[in-house]
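>>> output the structure for:
(one chain, ligands or ions: 1)
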Amino acid sequence: MSIIQLNQVKKQYNGTYVLKGIDLSFSAGEIVGYIGPNGAGKSTTIKILTGIINEFEGNATVLEMDVRQNPVEIKQRIGYIPEQAALYEVLSPIEYLNFIGKLYQLDENLIYKKSMDLLKLFELDDKANIRMNSFSKGMKQKVLLISGLIHNPEIIFLDEPLSGLDANAVILVKEILAQLKNTGKTIFYSSHIMDVVEKISDRIIIINKGEVIADGTFESLKSEAHKGSLENIFTALTGDTGYESTAHDFVDILKN
Ligand SMILES: Nc1ncnc2c1ncn2[C@@H]1O[C@H](COP(=O)(O)OP(=O)(O)OP(=O)(O)O)[C@@H](O)[C@H]1O
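I've put the predicted structure just below:
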């Protein structure tokens, strides 16, 4: 049984296809690392699966429900942590989490207790009542992480979730993901940070220019690409090489 399924999913903007027919299927409990260069179509795929984009070709189901027909039912049971969200910055974390928790129909007292406990773990409890417009990027990202997980969803979609986090917070979030994995959650994780993808993913999918170009375990991709690290596999498969000459040209142009 597939918990997430994409059949010939295509998406175009002004006649240009940014997803060119994605076919993927995932089982419950899988930890999927979804990686690809800038503009490859990672966020677009996640936005389709989370019901944010509903104009596309092909079919997509999450929890055996059609994403176009059951967006609300799906949203109740999934968590989505975007890279940058339109946080309501005039709100404090506690106000924001109360708002989000109510959307998930959680009890108000439970929302408050869970929010305070989780903020404390991220060392933000002393800022629980301060407006978020004064927060750093990493502090906002921590609130986003809590808001996407507060309802204990079955499937968690993360789109570059570590952006802005300091080294300690990255280690903590990595550990949280590993422990969520142990509790049987399905995690769909898009990132540029190969190290994390390599460590936590059961399955790695590389997307390039709207197409899946590799799909397998880290070990299988490694033997296919004859490369050591995921970073090397990524550059070998996506054809992004010649960094030295690009950097050289960049610095040269600056001199003009
Ligand atoms: N609203 C939009 N209008 C037009 N083009 C868009 C829109 N949203 C995304 N695109 C284009 O779709 C392509 C895929 O974008 P997407 O954000 O899915 O890439 P990504 O793999 O998540 O990239 P990144 O790693 O840079 O976040 C890009 O070429 C982008 O310019």
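>>> please make it C-alpha for all contacts and neighbour counts, starting now.
Will do.
>>> what about stretch 65-75, start to end distance?
End-to-end distance of stretch 65-75 (Cα to Cα, to the nearest Å): 11 Å.
>>> pull the residues that contact that stretch.
48-51, 54, 59-63 (Cα atoms under 8 Å, 6 or more residues apart in numbering).
>>> pLDDT on that stretch, on average?
For stretch 65-75, mean pLDDT rounds to 94.
>>> tell me which residues of that stretch come out buried.
Using 16 or more other Cα atoms under 10 Å as the test for burial, stretch 65-75 gives 65-68, 71, 74-75.
>>> tell me where this protein has strands.
For the chain, the strands defined by DSSP state E occupy 2-13, 16-27, 31-35, 57-62, 65-66, 78-81, 155-159, 186-190, 203-208, 211-216.
>>> determine the set of other helices and strands touching the longest helix seen in the chain.
Across the chain, the longest stretch assigned as helix under DSSP state H is helix 167-182. On a contact count with 3 or more Cα pairs under 8 Å, 6 or more residues apart in numbering; DSSP states H and E, helix 167-182 meets helix 194-200.
>>> now with 10 Å, please.
In terms of contacts (3 or more Cα pairs under 10 Å, 6 or more residues apart in numbering; DSSP states H and E), helix 167-182 is packed against strand 31-35, helix 137-149, strand 186-190, helix 194-200.
>>> report how many residues lie close to Arg203.
21 (other Cα atoms under 10 Å).
>>> and the pLDDT for the closest residue to it other than its chain neighbours?
Using Cα to Cα, 6 or more residues apart in numbering and skipping the chain neighbours, the partner closest in space to Arg203 is Thr217 (4.6 Å). The model reports Thr217 with a pLDDT of 89.
>>> can you check Thr241 too?
Thr241 is assigned a pLDDT of 66 by the prediction.
>>> what does the protein put close to the ligand?
13, 18, 36-44 (Cα under 6 Å from any ligand atom).
>>> if anything else comes up later, I'll come back, but that's it for now.
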